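Trainee: based on what follows, work out the 3D shape:
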Amino acid sequence: MTWSPGHEAGFFQRHTPDGSTRLIRGVAASLAVALILLSVILTLAVGSTQSSMAMPFAN
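Mentor: Here you go, the predicted structure:
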């Protein structure tokens, strides 16, 4: 992991790791994918329930 200087004025520079932005973007991307998959699963479940309720009962 490489370190880059922060954007602070004065004599003391705070160093922040470059890997943290990649980690945050990776977590955000995985959360976005999980949200999309969850919505697809929910849509399929609702559609399956509605189609099964529309079928007549076999007596």
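Trainee: count of residues packed around A32?
Mentor: For A32, the count of nearby residues is 10 (other CB atoms under 10 Å). Any C-beta I mention is one placed from the backbone N, CA and C, and that applies to glycine too.
Trainee: average pLDDT across the host helix or strand of it?
Mentor: Assessed by DSSP states H and E, A32 sits inside helix 19-54. Here helix 19-54 scores 91 as its mean pLDDT.
Trainee: buried residues in that helix?
Mentor: For helix 19-54, a neighbour-count test (16 or more other CB atoms under 10 Å) marks nothing as buried.
Trainee: packing partners for it?
Mentor: Of the remaining helices and strands, none touches helix 19-54 by 3 or more CB pairs under 8 Å, 6 or more residues apart in numbering; DSSP states H and E.
Trainee: start at 774, not 1
Mentor: All set: I'll call the first residue 774, so the last point we hit is now helix 792-827.
Trainee: I am finished for the moment; much appreciated.
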